[in-house]
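Undergrad: Okay, structure incoming, though there's no sequence with it:
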């Protein structure tokens, strides 16, 4: 079945100013402006919206658009060249110094005249500049009651720095104005997870330790650290990926149903999950955490360098982390949550795998072609590269050969089911910011609770050397032993779209 997916006219956002601070940088070019262009093409951004790239060092508009175009090319080929020209005319590039405030008057003049219009400032700059930038927005009058601030990770490098960063932002902005973005939460499948759970009694009635054996969350990358070598060597996989992306996904799987699908009620339930995580300390670290660092290897038959060669020096930073987490509450007591992430793995894929418990008794074990142990039912939630859902079950093999059983799957691929292009995560999240919807954004207490869980793990990890694994594999041997010790195994992700 193919569904014609169209964005309804009523989804058009209200008039909004978008000011991208650091607007000529890498994040703005790769993610933010392409997202705005795609929403412009679909008619979600009305003519009354201002699109401003504010940067300390500007460049001519034609040069900016030439740098931006490769990240929009796929969609441009399906649209008219005039659409690209129209979008380019809407974009303004203005000089702005976040410390001195120089250029603030030009930004004010470029924004819509009324203070009632939402004004979105997206900080595509280093977090070290957040405090100065916030003070500058207030001092120059650019901040209004309708101003909304979007900030990217890293939100600190530990609990203490995260609290200090939040304090510096909250000196100027109220919590209702702050949008801490995690692009994983904008993925269609992640949002569908909440619909799957809370709109279908079929699944929610099974969503507990009574029926679920364990949960796996994998975020695998086949790339190395590249241009992020300096940043990554300071952070590592635990702080770069587990503290935010993986823990947020865990929260959405494990949270209790909120009474309403509104921002603070959803975030309250996620916070309860984070606070219920069983601490990983020195005493249980070796049973709960496995770390790795990639050596040279090959990916798709292409040789790749080791991590230490990429960063240019010896390093004890982990490029892979696998954790066995437990949640201390009635719903999840006894159900392990396995988290896994790494660089230079065998493929790029992000999946959540819910493994259900086997039937208490196999009545088919003596049948032809049957075995004593049947594969359990699994619900696979694919986040990338091909967003979708897959439910595996046991079925009868067709034919007159008796009760022969075989594994079968119900598969929903969003790319195959929906005829038109699905919006990317940044597109959805930017439109939510314009509408004032904070549901898919983190609150300060969530960020701090995540750091409170991760900090002891990071501190203990510094006392150990990560195990080596060859690039192009699924990580160190110890990560498989972590599962095998409890009678489990990693489900290999689907890496092809």
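TA: Looks like it came in fine. Remember, predicted model here, so these are calculated numbers, not experimental data. Numbers count the residues shown, from 1 in each chain.

Undergrad: Quick check: which element contains the residue lying closest to residue 311 once chain neighbours are set aside?
TA: Spatial nearest neighbour of residue 311, excluding adjacent residues (CB to CB, 6 or more residues apart in numbering): residue 229 at 4.7 Å. C-betas here are computed from N, CA, C, even on glycine. Using DSSP states H and E, residue 229 falls within helix 229-237.

Undergrad: List the contacts of residue 153.
TA: 181-182, 244 (CB atoms under 8 Å, 6 or more residues apart in numbering).

Undergrad: Go through those residues and name the one nearest residue 259.
TA: Using CB to CB, residue 182 is the member of the contacts of residue 153 that lies nearest residue 259, at 23.5 Å.

Undergrad: Tell me, how many residues neighbour that closest one?
TA: Residue 182 is flanked by 22 other residues according to other CB atoms under 10 Å.

Undergrad: next one: residue 220
TA: 23.

Undergrad: who's the closest residue in space to it that isn't next to it in sequence bridged to?
TA: The shortest distance from residue 220 to any non-neighbouring residue, by CB to CB, 6+ apart, is to residue 345 (4.3 Å). Here residue 345 sits in beta bridges with residue 473, as judged by DSSP bridges.

Undergrad: could you give the mean pLDDT of the longest helix along the chain?
TA: For the chain, the longest helix by residue count, based on DSSP state H, is helix 444-461. Averaged over helix 444-461, pLDDT sits at 97.

Undergrad: Is residue 70 in a helix, a strand, or coil?
TA: Under DSSP: H, G, I helix; E, B strand; the rest coil, residue 70 falls in the helix class.

Undergrad: ok now do it, which residues does it touch?
TA: Under the criterion of CB under 8 Å, 6+ apart, residue 70 has no neighbours.

Undergrad: That one and residue 380, how far apart?
TA: 33 Å (CB to CB, to the nearest Å).

Undergrad: Same check on residue 262?
TA: Relative to residue 380, and taking CB to CB, residue 262 is found at 29 Å.

Undergrad: Name the nearest residue to the residue nearest the centre of the chain, sequence neighbours excluded.
TA: Most central in the chain under CA atoms, centre = their mean is residue 184, positioned 1.9 Å from the mean C-alpha point. Sequence neighbours aside, residue 245 is the residue nearest to residue 184 in space, at 4.7 Å (criterion: CB to CB, 6+ apart).

Undergrad: can I assume that neighbour sits in a helix?
TA: Yes - counting by three-state DSSP, residue 245 falls inside a helix.

Undergrad: Please identify which of residue 262 and residue 380 sits among more neighbours.
TA: residue 380 (20 against 12).

Undergrad: Go over the secondary structure and confirm the more buried one is in a strand.
TA: Yes - judged by three-state DSSP, residue 380 forms part of a strand.

Undergrad: ok now do it, which residues does it touch?
TA: Going by CB under 8 Å, 6+ apart, the list of residues near residue 380 reads 351-354, 389-392, 491, 494.

Undergrad: coming back round to it: any idea how far the residue nearest to residue 184 is from residue 176?
TA: 24 Å.
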